[in-house]
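Undergrad: Quick one, what's the 3D model for this:
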Amino acid sequence: MAGLAVLAAVVLLVAAIGGVAIFSPGEDPGPGPDSDSGASDHEQNGLESDIPEEDRPADPSTTETIGYVDGYWYDDELPVDDREDAVVESDELDAVVARSMARVELIRNLTFQDEADVDVISREEYQTEHGDMFANVTGDERLQQNVNYEALFMVDRETDATEAFESLYGGAVDGFYDPVTDEIVLVSDSPDSPELDEVVLGHELLHALQDQHFDLQSYDRETIDQDNAKNGLIEGDAVWVDTTYEQRCEADWDCLQPTRTPPAADDLNWGLYLTVYQPYDDGPDYVDYLLGQGGWDAVDAAYDDPPASSSEVIRPGDDREPTAIEIEDRSTEEWTQLELDGDDVATESVGEAGMVAMFAGGAFDDMRPTVLEQADILGSGMGYEFDHAITDGWAGDELVTYVATNDGETADDVDDTGYVWQTEWASDEDAAQFADAYTELLELYNGDQTDDSTDTYVIDDGFPGAYHIDQDGETVTIVRAPTVDDLDAIDAGAVPGSADAPGSNSISTDSTTAGTPDDQEGAVLAGLDPGFGTVTAVFVSIALVGTGGWLVVRRTRTRSRVHSSPPGSASHGARHAVAVAKPTKL
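TA: Numbering: from 1, shown residues only. Predicted coordinates:
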């Protein structure tokens with residue numbers, strides 16, 4: 001990861017549709033249990049965490065005393081507190097930052113080890129210097145993401161996935177944290193006298209604190225599921241702290257909190273939104289679980305052993321290590337796996353959270369069909385429910401993109417693409433529930449069964465192509481191609497009754513699979529959102545209603561290309577699904 005520019009941007013995305021708050025925070029995590037990180041004798045106890053005057057050291061230190069930074073205690077009064085607005089002059093910024101750092105320390109029970117430089121730039125400067133933050137992808141990466149999110153029925157054939165994410169994040173960028181330079185940049189429409197939201201500033205400072213102690217650049221997060229899993233810890237920690245920070249502002253702290261006008265979100269893509277929002281919703285509960293296990297020490301220890309899947313964040317305490325899946329390339333000469341960066345095959349793992357978002361994409365949008373209804377998604381609190389029977393048996397998945405070839409040249413148009421998506425489940429019953437739900441999704445999008453197979457569907461508009469669903473015990477494989485004939489060309493045996501179909505007269509032996517060698521696991525082309533690959537690892541942070549949620553995103557897992565035996569050989573036609581250490585659903 002050396003040399004990668006890593007950013008954390010704050011994006012304000014606030015709106016309401018049909019009376020439902022779009023960025024509604026999860027249930028209030030409430031005060032955490034007492035904990036002692038070893039940094040001091042201060043005990044963390046949520047809203048009641050205060051350090052009496054008589055217990056404060058006579059000679060406090062920024063790096064050793066919790067609640068004190070560069071001459072300021074967390075409860076010191078500042079001249080800005082007496083103003084009706086939240087304008088901070090340039091010569092007042094350092095004091096506001098220092099007090100905010102002290103407040104973050106008090107809540108999180110960790111001390112800053114280094115300064116957190118804060119700068120203010122104009123929106124024009126931001127647009128000039130960082131305006132391509134949401135679109136820095138190559139042509140092949142853009143093609144892959146169009147296929148990925150079309151597979152999830154989130155972005156249709158006429159919509160570009162990169163542009164859809166730009167629209168999602170484009171409400172207003174208020175700032176970012178850069179771990180490379182250890183700098184926080186605040187974006188203001190009036191940089192000479194900026195109006196600051198102290199909770200948002202505190203949120204960015206929290207990520208600086210995390211980075212100093214846990215090195216946020218060190219985590220593998222190159223798939224949708226890895227991203228949501230790691231964000232469950234990182235964002236859960238951040239939202240927990242931000243929620244408590246805001247509660248203290250409402251209870252007894254003087255805080256800078258300007259009034260904000262939410263941007264419009266008339267065309268919100270709920271599938272994409274729910275995919276990226278899940279860590280903000282379930283993450284605080286995951287942190288609550290850790291706090292109950294051993295206080296802040298347990299949260300700190302989790303950074304050495306972060307969640308392995310979004311399932312572990314959805315159900316804290318449920319160890320759900322993803323099954324290792326290796327999809328062999330069984331395509332004909334007319335098709336090939338999409339390659340990124342030379343010989344690396346781009347793959348994706350959607351995970352349980354992404355699958356829930358797929359099935360709930362129309363729950364809040366009357367223009368889209370949906371498998372999960374709005375009542376299914378709205379939880380008992382203010383957040384959303386991501387634990388559902390049709391997905392809770394998830395044990396792993398891998399999606400590989402295929403492109404058509406012609407005289408050695410690969411296609412660059414989404415019309416000439418397909419995919420093989422293999423999913424693993426904890427039981428045959430779980431696999432059947434998922435297969436039934438995906439079949440329902442196809443039918444909701446006007447998929448018609450073919451005459452030759454009840455498991456093969458053709459969709460003409462929106463998400464055009466031929467789809468085949470196959471369940472084999474705990475494995476469900478979905479193949480999509482432009483036409484029914486292309487299904488078998490992409491994945492030999494996908495069409496029932498073909499020469500290479502399972503149970504036919506073809507001879508099957510062990511064949512080489514396109515796996516993930518140790519030296520390639522974690523090879524990252526980073527980018528914008530789950531699944532986006534660019535030369536820049538972008539850490540995006542979203543300021544949510546009532547929180548300062550931070551979305552860390554790094555995209556696109558790649559692995560070395562390894563072909564199976566060519567079509568017509570003895571081994572061609574037999575898929576070898578590898579299921580290693582399949583977890584048991586608890």
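Undergrad: contacts, neighbours, all on C-alpha from now
TA: Noted.
Undergrad: Just the helices from the chain, written as ranges.
TA: Using DSSP state H, the helices found in the chain span residues 93-108, 123-130, 139-151, 161-169, 198-214, 224-251, 270-302, 310-314, 351-359, 374-377, 428-444, 484-490.
Undergrad: Give me the pLDDT value at the residue nearest to P307 when sequence neighbours are not counted.
TA: Closest residue to P307 apart from its sequence neighbours, by CA to CA, 6 or more residues apart in numbering: A229 at 5.3 Å. Predicted confidence (pLDDT) for A229: 96.
Undergrad: Could you say which of the helices of the chain is packed most deeply?
TA: Counting by mean count of other CA atoms under 10 Å, helix 310-314 has the highest mean neighbour count of the helices of the chain, with a mean of 28.
Undergrad: just the strands in the stretch 1-150 of the chain please.
TA: 7-12, 16-17, 20-21, 68-69, 72-73, 117-122 (DSSP state E, counting those that start in this stretch).
Undergrad: Least reliable of those by average pLDDT, please.
TA: Taking the mean pLDDT of the strands of the stretch 1-150 of the chain, strand 16-17 comes last: a mean of 32.
Undergrad: For E429, list the residues it contacts.
TA: When contacts are counted by CA atoms under 8 Å, 6 or more residues apart in numbering, E429 touches E474.
Undergrad: The top strand by length along the chain packs against which elements?
TA: For the chain, the strand that runs over the most residues, judged by DSSP state E, is strand 394-406. On a contact count with 3 or more CA pairs under 8 Å, 6 or more residues apart in numbering; DSSP states H and E, strand 394-406 meets helix 139-151, strand 335-337, strand 344-348, helix 351-359, strand 417-425.
Undergrad: What mean pLDDT does it get?
TA: Averaged across strand 394-406, pLDDT comes to 96.
Undergrad: What pairs with it, parallel or antiparallel?
TA: When sheet partners are counted by DSSP bridges, strand 394-406 sits next to strand 335-337 (antiparallel), strand 344-348 (antiparallel), strand 409-410 (antiparallel), strand 417-425 (antiparallel).
Undergrad: For D220, the count of nearby residues, please.
TA: Look at D220: counted by other CA atoms under 10 Å, it has 17 neighbours.
Undergrad: Same check on T181?
TA: For T181, using other CA under 10 Å, the count is 12.
Undergrad: Next up, the contacts around it.
TA: Applying CA under 8 Å, 6+ apart, no residues contact T181.
Undergrad: And Y74, by the same measure?
TA: Counted by CA under 8 Å, 6+ apart, Y74 has contacts 67-68, 99-103, 106.
Undergrad: how far away is T370 from D460?
TA: Noted for T370: a distance of 18 Å to D460, by CA to CA, to the nearest Å.
Undergrad: Settle it for me: which of those two has more neighbours?
TA: Between T370 and D460, counting by other CA under 10 Å, T370 is the more crowded of the two (20 against 12).
Undergrad: How about the contacts made by that one?
TA: T370 neighbours (CA under 8 Å, 6+ apart): 359-363, 441, 444.
Undergrad: before we move on, back to that, among the helices of the chain, which comes closest to D178?
TA: helix 198-214 (8.6 Å; CA to CA).
Undergrad: Does anything pack onto that closest one? Which helices or strands?
TA: If contacts are counted by 3+ CA pairs under 8 Å, 6+ apart, helix 198-214 sits against helix 93-108, strand 173-178, helix 224-251.
Undergrad: Dump these to a markdown table, plus distance to I327.
TA: Listed next are the helices and strands packed on helix 198-214 as a markdown table, based on distance: least, CA to CA, whole Å:
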| stretch | distance to I327 |
| --- | --- |
| helix 93-108 | 43 |
| strand 173-178 | 37 |
| helix 224-251 | 18 |
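Undergrad: ok, of these, where does mean pLDDT dip lowest?
TA: Among those, strand 173-178 carries the lowest mean pLDDT (a mean of 75).
Undergrad: by contact count, what packs against that one?
TA: In this structure, strand 173-178 packs against strand 7-12, strand 183-188, helix 198-214, with contacts taken as 3+ CA pairs under 8 Å, 6+ apart.
Undergrad: Pass me the low-pLDDT residue ranges in the chain, would you?
TA: For the chain, residues meeting the criterion pLDDT under 70 lie at 1-48, 131-135, 170-173, 191-192, 260-266, 381, 496-586.
Undergrad: check contacts around the residue lying closest to L272 once chain neighbours are set aside.
TA: Of all residues not flanking L272 in the chain, M154 sits nearest, at 6.5 Å (CA to CA, 6+ apart). Counting by CA under 8 Å, 6+ apart, M154 makes contact with 269, 271-272, 358, 361.
Undergrad: ok, now A432?
TA: By CA under 8 Å, 6+ apart, the contact set of A432 is Q471.
Undergrad: go again using 10 Å as the cut-off
TA: Contacts for A432 (CA atoms under 10 Å, 6 or more residues apart in numbering) come out as 390, 425, 438, 470-476.
Undergrad: quick one: which of the helices and strands packed on helix 198-214 is nearest G295?
TA: Closest among the helices and strands packed on helix 198-214, using CA to CA: helix 93-108, at 10.6 Å.
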